[in-house]
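1. got a structure for you, letters missing:
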């Protein structure tokens, strides 16, 4: 505004703050309410900040405008899962799988389907499909979680670890990484 630096726009890491991103997405939507990517990003941001109800409403709006958008279907299912709506999340993950053609994303969606599975038998079917399509899935989750942990992205690291452990519950690397994450979170909480 008026050529002056505004407080609260950039975080210590040099990235836009969550609030600045929210304002940008909402501003974009003021000009184009049908913009699926801006609405999807806003929903993701809301979900990451724990506002899952608001996130679901954004994803519903995306799907009204773009019903075959697999990633929006997937994101809505994730939000539903975090709100304890397991059956609806399972249906959403199934729909996302039907819509997605990229094999890498399909494996990712299958792993999330395993997380939402209502029974051990159902979970085993999804895990088997993940392992068959991507034998290195857990190793990839381990590497991505380590990177997220190095960046201080504890929530993201926890999600990656749990997803990897859902597929490979005995992975020593992921189990150790979970302990490392717990210690990092405790240290961060003490320093606040």
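-> The structure has been received and is ready for your questions. Being a predicted model, the structure only gives us computed values, none of them experimental.
2. Please make it C-alpha for all contacts and neighbour counts, starting now.
-> OK.
3. how much space between residue 152 and residue 188?
-> 9 Å (Cα to Cα, to the nearest Å).
4. Which of those two has more residues huddled nearby?
-> In this view residue 152 and residue 188 are compared by other Cα atoms under 10 Å, and residue 152 has more residues nearby, 15 against 12.
5. and stretch 131-148, what's its mean pLDDT?
-> Confidence for stretch 131-148, expressed as mean pLDDT, is 95.
6. List the buried residues of it.
-> Using 16 or more other Cα atoms under 10 Å as the test for burial, stretch 131-148 gives 131, 137, 138, 141, 142, 143, 144, 145, 146, 148.
7. and residue 60, how many residues sit next to it?
-> 20.
8. what's the answer for residue 187, then?
-> The local packing of residue 187 (other Cα under 10 Å) involves 11 other residues.
9. Tell me if I am right that it is in a helix.
-> Yes. When the secondary structure is assigned by DSSP: H, G, I helix; E, B strand; the rest coil, residue 187 falls within a helix.
10. Touching the host helix or strand of residue 53 from outside, list them.
-> Element membership for residue 53, per DSSP states H and E: helix 52-65. The set of residues external to helix 52-65 that reach it, using Cα atoms under 8 Å, 6 or more residues apart in numbering, is 34, 36, 39-40, 42-47, 69, 72-73, 75-76, 79-80, 82-83.
11. Please apply the same query to stretch 179-192.
-> Contact partners of stretch 179-192, identified using Cα under 8 Å, 6+ apart, comprise 149, 154, 157, 158.
12. change it to 7 Å
-> Contacts to stretch 179-192, defined as Cα atoms under 7 Å, 6 or more residues apart in numbering, come from residues residue 154.
13. For it, buried residues please.
-> Neighbour counts over stretch 179-192 (16+ other Cα under 10 Å) mark 181, 185 as buried.
14. one step back: write the PyMOL selection for whichever of the contacts of helix 52-65 are buried.
-> Listed next is the PyMOL selection for buried residues among the contacts of helix 52-65, using 16+ other Cα under 10 Å:
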select buried, resi 34+36+39+40+42+43+44+45+46+47+69+72+73+75+76+79+80+82
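15. Buried residues, stretch 55-67. List them.
-> 55, 56, 58, 59, 60, 61, 62, 63.
16. Pull the residues that contact the host helix or strand of residue 126.
-> Secondary structure here is read from DSSP H and E; on that basis residue 126 sits in helix 120-133. By Cα under 7 Å, 6+ apart, the list of residues contacting helix 120-133 from outside reads 107, 110, 111, 113, 114, 117, 167.
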